[in-house]
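Student: Next input, structure requested:
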Amino acid sequence: MEIKHISHFQNLSGCKLFGLMPDNEEIYSFELRNKNGMKVQIINYGATVTSLQIPLSNGKLVDVVLGFDNLQAYLDSYSLPSAPYFGTTVGRYAGRIHNASFTINNKTFKLLGNNNGNTLHGGDFGFGRKVWNVTDITGGENPSITLGLLSENLDESFPGEMHVYLTYTLTEENELKLDYSATTTEDTVINLTHHSYFNLEGHDALVLDQEMFIKSAKMLETDDNNIPTGNFVDLTNHVFDFRTEKKCPFPIDNSFVINSKTEVVAKLISSKNNLQMSVYTDQPSVHIYVGGNCFDTLKGKENTDYKAQSGICFETQNFPDAPNHEHFPNAVLRKDEEYTQRTVYRFENLN
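Tutor: Below you'll find the predicted structure:
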C-alpha cells in the first residue's frame, strides 16, 4: 500500500485540519466539488462523509447527510449506548453475524459479541473508527479521493491481513460514486457498506414526509435480535412493499433483496425541495435503517438536535450473517481474489 503523507495533499484546496486523535494524530477534512456547485466533505477518520451539499433548483445548497462539526464528536459517538455510525465506512462485516462466529475451511472464528451476543458492523473497533490513509486525490472534472486501510491479521478477530481501498468520486452528473476494493492474505469474510443518514430536506429536518422507492419483491426474515433466519418475506401486500413510492417508514431496520446492477434499486424523493436521490449498486441487498440511535440528546452539525427520524440509511451490501447461511450470497474473500463493490448515490432536481 503506497502511503503518501497528508502534507503531500495539503496544498490542495479544501484540505483542512479536522481534529486530533487521542494520540495526537491529525485528522483532515477534504472537499470535492463539481462544476454544478455540489460539494462533499470527507475525513480520513473512518473514511467518513461529514457533509454532502446539493444545489437545488432555486439555487440554494442543502446538506443532505447527518454528521458532526468536529472529530471529538465522532469519537464520542462511539461511547453512546448504540453508536450511530454517521457517514462512516463499515467493515470488516456490515450488519450482524450470528453468535459472533463463522466457519471457513472447517475452522471456526470467534468474534466479539458487541450486539446482544452477535457481532455488529465489524465489532467494537471496525473500519469506521480507524484512521485511513489518503493515497490519491484528483481535481478537475469528476474529482476524487482514494483512501486506504491496512487491517492487520486478526483485527477484531477476523482472519487475514486485509488491504482495503475506497475511492469517492464526485461526478459532473451530481453523483457520489463509491468504489471499494480489498485483498487478503488469508481466506476471510468481508461486507463493506456506507452508513450516511440521508435527508433531502436538510440534516436539520425529519425524513418522514419524504417518499421512498425500493425495487424489491422480498426482504430477509429476521428474529427478535434482527438476525436473519434464512427465510425470505414476500413483500406483496406487505407494509414494506416500496415498489410503489410511499412515505419513509419509522422505525425500519430491514434488508431488502435487490438484483439490478444497472437500474435504480432505491430512491428517496423530497417534493418540498424537488430533489431525488437514486441509488445504484452491484450488491445483493440494500439495508434500510430509520431509527437513528440519536436518543434525542445528540447534537449534530450546526448545533442541530438530531432525532431518530432525522435521517435514513441506504446501506448497500451483502446479506447480514451471510457467512452462516449457505444459500445466501458468498461473503468469503479468498486470499488469491479481489473484493470489489460499487455504489452510486445520484441527485437530481425534479423540475
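Student: Paired strands for the helix or strand of the chain with the lowest mean pLDDT, with orientation please.
Tutor: Of all helical and strand segments in the chain, the minimum by mean pLDDT, DSSP states H and E falls on strand 298-299, at a mean of 88. Next to strand 298-299 in the sheet, as set by DSSP bridges, lie strand 305-306 (antiparallel).
Student: now the strand it pairs with, how far from the centre of its chain.
Tutor: 20 Å (CA atoms, centre = their mean, to the nearest Å).
Student: pLDDT below threshold where in this protein?
Tutor: Where the chain drops to pLDDT under 70, the residues are 1-13, 292-297.
Student: Repeat the analysis, applying 50 as the threshold.
Tutor: Within the chain, the segments meeting pLDDT under 50 span 2-3.
Student: Pick out the residue nearest the middle of it.
Tutor: residue 194 (1.2 Å; CA atoms, centre = their mean).
Student: mind checking which helix or strand that one is in?
Tutor: Taking DSSP states H and E as the definition, residue 194 sits inside strand 193-195.
Student: Contacts for that strand next, please.
Tutor: 49, 85-91, 94-95, 121, 128, 178, 287, 313, 315-317, 343 (CB atoms under 8 Å, 6 or more residues apart in numbering). (Each C-beta comes from the backbone N, C-alpha and C, glycine too.)
Student: Among the residues you listed, which ones are in strands?
Tutor: Of those, the ones assigned to strands by DSSP state E are 49, 88-90, 178, 287, 313, 315-317, 343.
Student: about what we covered before: in the sheet, which residues pair with the residue nearest to the centre of the chain? Tell me.
Tutor: residue 89.
Student: Could you report the separation of the most far-flung residue of the chain relative to its centre from residue 187?
Tutor: Using CA atoms, centre = their mean, the residue of the chain lying farthest from its centre is residue 106. It sits 31.1 Å away. Separation of residue 106 from residue 187 (CB to CB, to the nearest Å) stands at 11 Å.
Student: ok, now residue 72?
Tutor: Using CB to CB, residue 72 is found at 38 Å from residue 187.
Student: again, but for residue 69
Tutor: 41 Å.
Student: cool, residue 312 as well?
Tutor: 35 Å.
Student: isn't residue 142 right up against residue 170?
Tutor: Yes - the criterion here is CB atoms under 8 Å, and residue 142 meets it with residue 170 at 6.9 Å.
Student: Which one's more surrounded, those two?
Tutor: More neighbours surround residue 170 than the other of residue 142 and residue 170, with 24 against 16 (other CB atoms under 10 Å).
Student: Surely that one and residue 145 touch.
Tutor: No - counting by CB under 8 Å, residue 170 stays clear of residue 145, with 9.0 Å between them.
Student: Are there residues contacting both of those two? Which ones?
Tutor: Joint contacts of residue 170 and residue 145 (CB under 8 Å, 6+ apart) are residue 32.
Student: now do the same end-to-end measure for stretch 267-282.
Tutor: Stretch 267-282 has an end-to-end distance of 16 Å (CA to CA, to the nearest Å).
Student: all strands of the stretch 251-351 of the chain, in order?
Tutor: In the stretch 251-351 of the chain, the segments counted as strands under DSSP state E, counting those that start in this stretch are 252-257, 266-270, 275-281, 285-290, 298-299, 305-306, 312-317, 332-333, 339-349.
Student: Show me what the second one packs onto, helices and strands only.
Tutor: In this structure, strand 266-270 packs against strand 211-214, strand 275-281, strand 312-317, with contacts taken as 3 or more CB pairs under 8 Å, 6 or more residues apart in numbering; DSSP states H and E.
Student: what about dumping the CA coordinates of stretch 209-216 to CSV?
Tutor: The C-alpha trace of stretch 209-216 is given here as CSV (Å, rounded to 0.1, in the frame of the first residue of the first chain):
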residue,chain,number,x,y,z
ASP,A,209,-42.6,13.3,4.7
GLN,A,210,-40.1,12.2,2.1
GLU,A,211,-41.0,9.2,-0.2
MET,A,212,-39.1,6.1,-0.8
PHE,A,213,-38.9,3.5,-3.6
ILE,A,214,-37.2,0.1,-3.4
LYS,A,215,-37.1,-2.2,-6.3
SER,A,216,-37.5,-5.3,-4.1
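Student: Now do it: distance to the chain's middle.
Tutor: 18 Å.
Student: Now do the same contact list for the closest residue to residue 95 other than its chain neighbours.
Tutor: In space, and not counting its chain neighbours, residue 95 is closest to residue 320: 3.1 Å by CB to CB, 6 or more residues apart in numbering. Neighbour list for residue 320: 94-97, 191, 220, 226-228, 255, 287 [criterion: CB under 8 Å, 6+ apart].
Student: Report the buried members of those residues.
Tutor: Buried members of those, scored by 16 or more other CB atoms under 10 Å, are 94-97, 191, 220, 226-228, 255, 287.
Student: With distance to residue 24 added, can I get those in TSV?
Tutor: Shown next, in TSV, are the buried ones among the contacts of residue 320 (distance: CB to CB, whole Å):
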residue	distance to residue 24
94	30
95	33
96	34
97	34
191	32
220	43
226	38
227	40
228	42
255	40
287	36
